[in-house]
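Asks: turn this into a structure:
(2 chains)
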Amino acid sequence: MTSTVVRARGLTKRYGAFTAVEAVDLTLEENRIYGLLGRNGAGKTTIMQLLTGQLFPNAGELEVFGREPAEHADVLRRMCYIAEAQRYPDDFKPSHVFRSAPWFFEHWDAAFAERLVEDFRLPVNRRIKKLSRGQLSAVGVIVGLASRAPLTFFDEPYLGLDAVARHIFYDRLLEDYAEHPRTVVLSTHLIDEVANLLEHVILIDQGRILFDRDAEELRGSATTIAGPRAAVEAFVADRPVIGREGLGGLASVTIDGRLDQAARVHAAELGLELAPVSLQQLIVHMTGTDLRADASEKEVAA
Amino acid sequence: MTAVIDQPFTRSEPRLRPAEIWRIVRLHAVNPTVFFGVPWIILGGAWAITMLISLIVSAGTGVSIVMGPGAGGAPEDIDGMRYSWAVLSPQWYLVVVGVQAIGLTFSFALGFGATRRDFWLGTSLMFVLVSIMYAAAIATLVQVEIATNGWGLGAHMFDALWYGQTNWFVDFYTTFALQLLVLFIGASVTTVYMRWRMRGMIVLMSTTAAIVIATVAVITWSNSWPAVFTWLGGLGIVGAFTVVLGFAALFGVLGYIVIRRATPR
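Replies: As a prediction, the model looks like this:
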């Protein structure tokens, strides 16, 4: 039994002539981990700011925990969103952030926060202005984890984190999520790093949703066919091509969709190699160039 | 300027949420240097400089400064110091505190799930508490300065300008009103920036300038300056600072209206 936490219909945010988020339809279910993926400036942060009531939409309907989020204390108290470029009060130190957090998050776990501070080796008494990018990300990650808010947003949590810290985040999130299920939305453009965490992927580009799919379904939903150019082209002729690369007489073409057993056998007979496509490769193919209807004849140069 | 959908809010939570408001006060105070530390350092520094100047003046010029009552062996009153603005020195910094309360702490509080309404009410409560504290402190220091005959040096730092003329309560009231105005001006002007960004600031500044110029022009052309000064003079200290307090309240209400649709940076 899952219930819907967020429901958006035609959600739009404009800044003058620029449309940051255009007619987005979105549904988030309870107790799932969502990836909000897209390139820089795709509209990820704007969507999260709309969902947390920090921005007011220009059009569309938005319900979070059953009602519009902005200015509703009952909705807002169930969310945690530390922006990637979060502003902190003047001369704030991480210790100030963690001291005030329990006043705002009823499920705040101070012991857990303390453990995370040690894990990330965060200097809690250094001014936030003086923290490195990775340490700044760690502050947001610690608040997001220890707040245990029913709807938690992580905005680019990996930015500047070293390999060890990324691993710690990954482990702690999964551990804590298992014990305290909640809805997590993770925005990032570092896709391979989070690919295994995600249960659901929402890919956004230029303010629109390109796809909104179950991660499991997505893994292996695209296939790369490599081999002699002529054979490859013949094989993919009537299939939805999302990416094309070539070198001399060889070609490598990525198609959307799975190949059935017969197609696989046929490919093998033609001497073609089939390879699964990672989430990151898939997204590069989807957003690397404009592949929407109006520009479908353009070829991928990636 | 951003268009907004103006839908009436349907509420499930109580309209007045003391806990949510109080936690904003605590958030402002969690780093005490901002509201308490720095203003006292500035005031302490101004006091130290005033003391040094008093020492230099009384030591260096000896006889020539005899202007006060000069009774017995008591140090002479340095009369020119009544015009010292040292007592107001933390006000410039407190305007900035008002600005930063909105420019920085507001964005942070929204990330922590505060509503704009609770944030503004909590911030206003913080301003009132801070103003009460400074008003009580300054009014008391005025009395101390008078009682110690200018810290034993005939100096005037607190017993200056309009202070020390009547009693503790008048000094308390005037400081409270001024303090509140200073904080609310900084905060409410910043809400305009947080809602409409630079364009809003330009409109605000040019409108304010236009109103000031128009007022001056109207008074000048109608030869009303003497009447204006008579009216101001007739208000007295308490009356004038009641006007100041009224402006503080006005800025507080305007800030509330503007911040309800403000967005974080």
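Asks: show me where chain A has helices.
Replies: A:44-51, A:73-76, A:94-104, A:110-120, A:133-147, A:163-179, A:191-194, A:215-218, A:229-236, A:261-269, A:279-287 (DSSP state H).
Asks: buried ones in the longest one?
Replies: Within helix A:163-179, the residues that count as buried by 16 or more other C-beta atoms under 10 Å in any protein chain shown are A:165-166, A:168-170, A:172-173, A:176-177. Just so you know, the C-beta spots here come from the backbone N, C-alpha and C atoms, and that holds for glycine as well.
Asks: then the fourth one?
Replies: Residues of helix A:110-120 classed as buried by neighbour count (16+ other C-beta under 10 Å): A:112-113, A:116-117, A:119-120.
Asks: what is the nearest of those to chain B?
Replies: Closest to chain B out of the buried residues of helix A:110-120 is A:A113 (14.0 Å), distances taken as C-beta to the nearest C-beta.
Asks: sorry, back to before: tell me the one of the buried residues of helix A:163-179 nearest A:L279?
Replies: A:Y170 (15.1 Å; C-beta to C-beta).
Asks: show me what contacts that closest one?
Replies: The contact partners of A:Y170, by C-beta atoms under 8 Å, 6 or more residues apart in numbering or on different chains, come to A:196-197.
Asks: contacts for stretch A:256-272 next, please.
Replies: With contact meaning C-beta under 8 Å, 6+ apart, stretch A:256-272 is reached by A:220-223, A:225-228, A:231-232, A:234-235, A:239-242, A:274.
Asks: mind running it again at 7 Å?
Replies: For stretch A:256-272, contacts defined as C-beta atoms under 7 Å, 6 or more residues apart in numbering or on different chains pick out A:220-223, A:225-227, A:231-232, A:235, A:240, A:242, A:274.
Asks: of these, select the buried ones using a ChimeraX command.
Replies: The buried subset of the contacts of stretch A:256-272, as determined by 16+ other C-beta under 10 Å, is captured in ChimeraX by this line:
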select /A:221,222,223,225,226,227,231,232,235,242
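Asks: next, find the distance separating B:R199 from chain A.
Replies: Distance, B:R199 to chain A, by C-beta to the nearest C-beta, to the nearest Å: 10 Å.
Asks: just checking, what packs against the host helix or strand of that residue?
Replies: With secondary structure defined by DSSP states H and E, B:R199 is part of helix B:168-221. Counting contacts by 3 or more C-beta pairs under 7 Å, 6 or more residues apart in numbering or on different chains; DSSP states H and E, helix B:168-221 packs against helix B:90-100, helix B:116-147, helix B:225-259.
Asks: what's the angle between it and helix B:225-259?
Replies: 110 degrees (axes from the mean of the first three to the mean of the last three C-alpha atoms, to 10 degrees).
Asks: tell me the average confidence for helix B:168-221?
Replies: In this model, helix B:168-221 has a mean pLDDT of 96.
Asks: and it, how far out from the chain middle?
Replies: Relative to the chain's own centre, helix B:168-221 is displaced by 12 Å; criterion: C-alpha atoms, centre = their mean, to the nearest Å.
Asks: please apply the same query to stretch B:230-239.
Replies: Distance, stretch centre to chain centre, for stretch B:230-239: 20 Å (C-alpha atoms, centre = their mean).
Asks: stretch A:168-183 now?
Replies: Counting by C-alpha atoms, centre = their mean, stretch A:168-183 comes out at 16 Å from the chain centroid.
Asks: number of nearby residues for A:A230?
Replies: Residues lying near A:A230 (other C-beta atoms under 10 Å in any protein chain shown) number 11.
Asks: repeat that for A:V265.
Replies: So A:V265, with other C-beta under 10 Å, has 11 neighbours.
Asks: same question, A:D205
Replies: Neighbours of A:D205 under the rule other C-beta under 10 Å: 21.
Asks: what does A:T188 give?
Replies: 22.
Asks: show me the shaky parts of the chain.
Replies: Since no chain was named, I'll use chain A. Within chain A, the segments meeting pLDDT under 70 span A:1-2, A:289-302.
Asks: meant chain B, my bad for not saying
Replies: In chain B (pLDDT under 70), the answer is B:1-12, B:60-77.
Asks: and it, which of its residues are near chain A?
Replies: Contact residues (C-beta under 7 Å from any C-beta of the partner chain) of chain B with chain A: B:3-5, B:7, B:9, B:12-13, B:17, B:20, B:23, B:26-27, B:30-31, B:33-34, B:100, B:104-105, B:107-108, B:110-118, B:261, B:263-265.
Asks: many thanks, we can stop here.
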